[in-house]
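Peer 1: could you work out the structure for the sequence below:
(one chain, ligands or ions: 1)
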Amino acid sequence: MTSVHDSKDLGELGPIGVFGGTFDPIHYGHLRTGFELQQALKLAEVRFMPAGNPPHRERTIASNELRLQMVKVAVEGQEHFVVDDREMRKSGPSYSVETLGELRREFPTRSLCLIIGMDAFLGLPKWHQWRELLELAHLVVAHRPGWRAPGMGPLGGLLVDRGTGRVLDLHEARAGRIYIHAVTQLEISSTELRALIQSGRDPRYLMPDGVREIIMDTGCYARKD
Ligand code: ATP
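Peer 2: Just a heads-up that it's a prediction; the model follows:
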């Protein structure tokens with residue numbers, strides 16, 4: 001059996017994982033997911049890409065600068081983790097299809113893996129030009145607590161056509177496959193974290209200490225009254 005390491009077809013560099021999110025704030029659910037996927041799929045890197053002005057949801061609570069600072073502190077010193085702030089440097093909304101198009105032009109021969117949670121995957125048909133995403137990248141879907149893969153509808157059909165359980169497929173092709181991977185279920189969400197902090201409770205052990213310190217020092221999620 002071929003392994004990821006001895007495949008002749010495998011490029012010198014493994015796939016680039018692209019992990020977008022509002023990261024408002026980043027927490028251990030994001031970090032553990034990125035880490036487990038990097039290890040399991042032998043990703044050359046996981047690029048944490050904080051969204052600037054998300055098109056599909058309300059404005060973020062913490063500023064772009066603070067969210068970026070928190071992501072940087074969170075991944076500091078972690079091999080294979082990289083921060084990419086291109087979406088924040090743009091004015092106006094940034095669509096994944098445009099961001100991936102840019103990365104595709106920068107890395108024409110590399111495999112690109114867009115990492116999303118199962119909740120985000122289920123909302124995929126609402127994304128701008130969602131069918132074109134698979135022309136540009138693979139989709140790597142991380143299981144989240146309480147979410148099931150669709151068996152029917154446009155996504156169910158897509159999974160039948162494009163789904164794979166073979167890591168090597170993500171290395172051998174540059175784009176076009178969907179890979180679902182179960183990650184350790186950490187039931188943490190940014191929304192719940194902000195509510196917890198607003199109510200005066202301590203987010204310790206749900207996020208890296210450096211992120212917690214930024215939140216405590218700036219009061220960025222404190223009640224505004
Ligand atoms: P919110 O609670 O505000 O929706 P979030 O915690 O889901 O925020 P986002 O920044 O919106 O954080 O998420 C970015 C990506 O990380 C999404 O694809 C999401 O599905 C995934 N994700 C978020 N939390 C977890 C978690 N605990 N485990 C696995 N994936 C997660």
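
Peer 1: same question for stretch 192-210, mean pLDDT?
Peer 2: Averaged across stretch 192-210, pLDDT comes to 97.

Peer 1: first-to-last residue distance for that stretch?
Peer 2: Its first and final residues considered, stretch 192-210 spans 19 Å by CA to CA, to the nearest Å.

Peer 1: report the buried residues of that stretch.
Peer 2: 193-194, 197, 203, 206-208 (16 or more other CB atoms under 10 Å). All C-beta spots, glycine's among them, are computed from the backbone N, C-alpha and C.

Peer 1: longest helix of this structure?
Peer 2: Longest helix of the chain, by residue count under DSSP state H: helix 28-41.

Peer 1: and that helix, does that touch the ligand?
Peer 2: Yes: judged by CB under 6 Å from any ligand atom, helix 28-41 and the ligand are in contact via 29-30, 33.

Peer 1: could you dump these into TSV with neighbour count and pLDDT added?
Peer 2: Shown next, in TSV, are these (neighbours: other CB atoms under 10 Å; pLDDT from 0 to 100):
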residue	neighbour count	pLDDT
Gly29	23	94
His30	25	96
Thr33	23	96
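
Peer 1: which among those gets closest to the ligand?
Peer 2: Closest approach to the ligand among the residues of helix 28-41 next to the ligand (CB to the nearest ligand atom): Gly29, at 2.2 Å.

Peer 1: that closest one reaches Glu192, doesn't it?
Peer 2: No: checked against CB atoms under 8 Å, the pair Gly29 and Glu192 is beyond contact range at 10.2 Å.

Peer 1: quick one: Arg201 from the ligand, how far?
Peer 2: Using CB to the nearest ligand atom, to the nearest Å, Arg201 is found at 16 Å from the ligand.

Peer 1: report the secondary structure state of that residue.
Peer 2: What DSSP: H, G, I helix; E, B strand; the rest coil gives for Arg201 is coil.

Peer 1: strands of this protein, residue ranges please.
Peer 2: Ranges of strands in the chain, per DSSP state E, are 16-21, 45-50, 81-83, 112-117, 138-142, 163-164, 178-181.

Peer 1: just name the most buried of these.
Peer 2: strand 138-142 (a mean of 26; mean count of other CB atoms under 10 Å).

Peer 1: gap between it and the chain center?
Peer 2: Averaging C-alpha positions (CA atoms, centre = their mean, to the nearest Å) puts strand 138-142 9 Å from its chain's average.

Peer 1: in this structure, what spans have low per-residue confidence?
Peer 2: The model of the chain has pLDDT under 70 over residues 1-12, 53-58, 144-145, 224-225.

Peer 1: and if we set it to 80?
Peer 2: Flagging of the chain using pLDDT under 80 yields the residue ranges 1-12, 53-59, 91-93, 144-149, 151-152, 223-225.

Peer 1: just the helices in it please.
Peer 2: Here the chain has its helices, by DSSP H, at 28-41, 64-75, 86-89, 96-106, 118-122, 130-136, 153-162, 167-172, 190-198, 209-218.

Peer 1: just how off-centre is stretch 174-193 within its chain?
Peer 2: With CA atoms, centre = their mean, you get 8 Å for stretch 174-193.

Peer 1: show me what counts as buried in it.
Peer 2: Judged by neighbour count using 16+ other CB under 10 Å, the buried positions of stretch 174-193 are 174-181, 183, 186, 188-190, 193.

Peer 1: coming back round to it: so which of the residues of helix 28-41 next to the ligand comes closest to Val75?
Peer 2: The shortest approach to Val75 among the residues of helix 28-41 next to the ligand belongs to His30, at 9.8 Å (CB to CB).
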